[in-house]
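>>> got a structure for you, letters missing:
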């Protein structure tokens with residue numbers, strides 16, 4: 001209900017205005033009647049109204065002088081004003097217009113005209129309310145982002161008609177679609193950034209906050225995230241950032257309890273980051289079994305400490321990068337695909353699945369380097385040349401020529417150090433890259449064949465089937481069903 005104050009020095013007129021129209025039906029409530037301007041001014045010092053209806057010509061202080069007095073004392077006319085005037089009082093009306101008053105009625109008041117004016121003022125109030133709501137929401141968001149100065153903050157409090165407070169606590173509420181949040185009706189500093197989400201800035205000490213939280217816990221809310229209470233409004237942005245980090249952690253990790261309320265005091269820091277020492281040792285040893293075990297251990301540490309999701313994605317990306325930098329047979333395209341999958345994960349479960357599938361691919365690779373074996377400079381150069389020219393024709397003869405070596409001697413060294421012939425290695429290397437692309441990319445069979453050095457798709461499919469006992473398409477479909 002919008003609040004109305006009626007001001008007129010004539011008792012009968014004042015009483016008649018209370019009943020001439022059905023105020024409540026129109027959405028208004030007469031909260032005060034005053035017989036003179038002084039009484040009205042006294043009331044306005046401690047109360048707020050939405051509509052002031054006053055007589056122009058009153059003894060001691062006219063209605064115009066009342067309005068001028070309000071403006072002189074720095075009080076904004078943030079309510080609608082309707083003045084009542086006699087035929088001979090148009091000079092008063094002009095003065096009222098100069099003060100920003102837009103509506104007046106002639107005495108005696110006609111009920112239909114009054115109702116029409118009140119409806120028009122209600123439309124203005126609704127429009128102003130909508131604009132003010134957007135303005136308040138924008139400034140509340142700026143407050144939480146640390147972008148308000150002191151003048152703007154005081155104005156924000158004035159817009160909400162609130163005094164300053166000694167304590168502020170940001171609260172984020174996730175609620176069900178059909179939830180009723182009547183218990184928040186008394187709270188004013190509220191944002192609704194998303195359909196089922198509210199951000200509340202609670203003003204007051206911890207005892208009042210605990211009372212509110214107990215009520216929320218019993219209501220139809222899904223989760224409540226409570227930031228740290230700050231005594232200075234300038235520190236709200238830091239508390240709110242921690243609150244968003246808390247929500248991100250809650251959404252990222254599996255739920256381990258049925259508690260509805262979570263406090264921002266338990267957010268993990270980067271000081272609890274997992275150690276990569278054992279992981280790097282496994283890489284240096286070229287020990288894929290240990291490497292897979294160390295990656296699992298890192299995942300467990302991350303889950304135990306519930307590190308912030310952004311930091312977890314950084315660690316996972318670093319982990320994958322280290323593996324690819326130290327295993328030459330892994331194709332760059334495969335690295336890019338895995339990195340994208342890691343960055344797109346929205347939960348720890350999704351990330352865990354991506355990393356486990358990645359380690360599975362490493363563990364089942366037929367091209368892992370023999371443990372604790374060093375290669376000659378010639379073979380290292382040969383393997384590098386194969387990797388960098390996988391799309392080109394690769395024969396023992398043209399590779400030997402590129403390395404300025406005798407083909408027979410290179411073939412002997414290759415078989416002796418790698419354990420299989422040059423052509424067998426090239427075919428397996430190409431097929432391993434093709435496997436990864438079939439599993440992790442959306443490239444066509446023809447594109448994959450060309451990317452691993454086969455210009456003839458049918459020949460590529462034949463070689464692939466000889467090694468896997470299924471065509472590339474059957475292999476891709478089989479892997480999709482398994483995942």
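Looks like it came in fine. Note that this is a predicted model, so its numbers are computed, not measured.
>>> so what touches stretch 55-62?
By C-beta atoms under 8 Å, 6 or more residues apart in numbering, the residues outside stretch 55-62 that reach it are 7-10, 13, 36-38, 63-64, 69, 83-86, 89, 92-93, 96, 104. Glycine gets a C-beta too; all of them are placed from N, C-alpha and C.
>>> need the pLDDT of the nearest residue to residue 197 once chain neighbours are set aside.
Leaving aside its sequence neighbours, residue 197 sits nearest to residue 174 (C-beta to C-beta, 6 or more residues apart in numbering; 5.7 Å). In this model, residue 174 is scored at 86, pLDDT.
>>> can you confirm residue 174 is in a strand?
Yes - according to DSSP: H, G, I helix; E, B strand; the rest coil, residue 174 belongs to a strand.
>>> okay, now it: neighbour count?
Neighbour count of residue 174, defined by other C-beta atoms under 10 Å: 18.
>>> that one is in contact with residue 221, isn't it?
Yes - Residue 174 is within contact range of residue 221, at 6.7 Å (criterion: C-beta atoms under 8 Å).
>>> can you list the residues that contact the helix or strand hosting residue 243?
Per DSSP states H and E, residue 243 falls inside helix 236-252. With contact meaning C-beta under 8 Å, 6+ apart, helix 236-252 is reached by 143-146, 168-172, 201, 223, 225-230, 262-264, 267-268, 306, 308-310, 312, 346-348.
>>> can you name the element that comes right after it?
strand 261-263.
>>> give the contact list for the residue nearest to residue 197.
By C-beta under 8 Å, 6+ apart, the residues touching residue 174 are 196, 197, 221, 222, 223, 224.
>>> ok, residue 224 next?
Residues counted as contacts of residue 224 (C-beta under 8 Å, 6+ apart) are 171, 172, 173, 174, 213, 216, 217, 260, 261, 262.
>>> now for the closest residue to it other than its chain neighbours: which residues touch it?
In space, and not counting its chain neighbours, residue 224 is closest to residue 261: 4.6 Å by C-beta to C-beta, 6+ apart. Residue 261 makes contact with 213, 216, 217, 223, 224, 226, according to C-beta under 8 Å, 6+ apart.
>>> about what we covered before: can you list the buried residues in the helix holding residue 243?
Buried residues in helix 236-252, counted by 16 or more other C-beta atoms under 10 Å: 236-237, 239-247, 249, 252.
>>> what angle do the longest helix along the chain and helix 236-252 make?
Longest helix in the chain by number of residues (criterion: DSSP state H): helix 111-144. With axes from the mean of the first three to the mean of the last three C-alpha atoms, to 10 degrees as the basis, helix 111-144 and helix 236-252 are set at 80 degrees to each other.
>>> next structured bit after helix 111-144?
Assignment by DSSP H and E places the next element after helix 111-144 at helix 150-160.
>>> which strands or helices does that next one pack on?
Judged by 3 or more C-beta pairs under 8 Å, 6 or more residues apart in numbering; DSSP states H and E, the packing partners of helix 150-160 are helix 111-144.
>>> now do the helix it packs on: which elements does it pack against?
Packing partners of helix 111-144 (3+ C-beta pairs under 8 Å, 6+ apart): strand 51-55, strand 80-85, strand 103-106, helix 150-160, strand 190-194, strand 197-203, helix 236-252.
>>> so it versus strand 51-55, what angle?
Using the same axes, to 10 degrees: helix 111-144 against strand 51-55 is 140 degrees.
>>> contacts for the one helix or strand residue 38 maps to, please.
Assessed by DSSP H and E, residue 38 sits inside helix 37-46. Here helix 37-46 makes contact (C-beta under 8 Å, 6+ apart) with 5, 7, 32, 34, 52, 54, 58, 60-63, 65-66, 69-70, 75.
>>> please name whichever of those residues scores lowest on pLDDT.
residue 75 (69).
>>> which parts of the stretch 201-350 of the chain are helices?
206-217, 236-252, 277-284, 288-305, 309-326, 332-344, 348-363 (DSSP state H, counting those that start in this stretch).
>>> how about those helices in a markdown table, adding mean pLDDT and distance to residue 423?
Shown next, in a markdown table, are the helices of the stretch 201-350 of the chain (pLDDT from 0 to 100; distance: least, C-beta to C-beta, whole Å):
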| stretch | mean pLDDT | distance to residue 423 |
| --- | --- | --- |
| helix 206-217 | 85 | 70 |
| helix 236-252 | 89 | 48 |
| helix 277-284 | 81 | 29 |
| helix 288-305 | 87 | 25 |
| helix 309-326 | 88 | 26 |
| helix 332-344 | 83 | 23 |
| helix 348-363 | 84 | 24 |
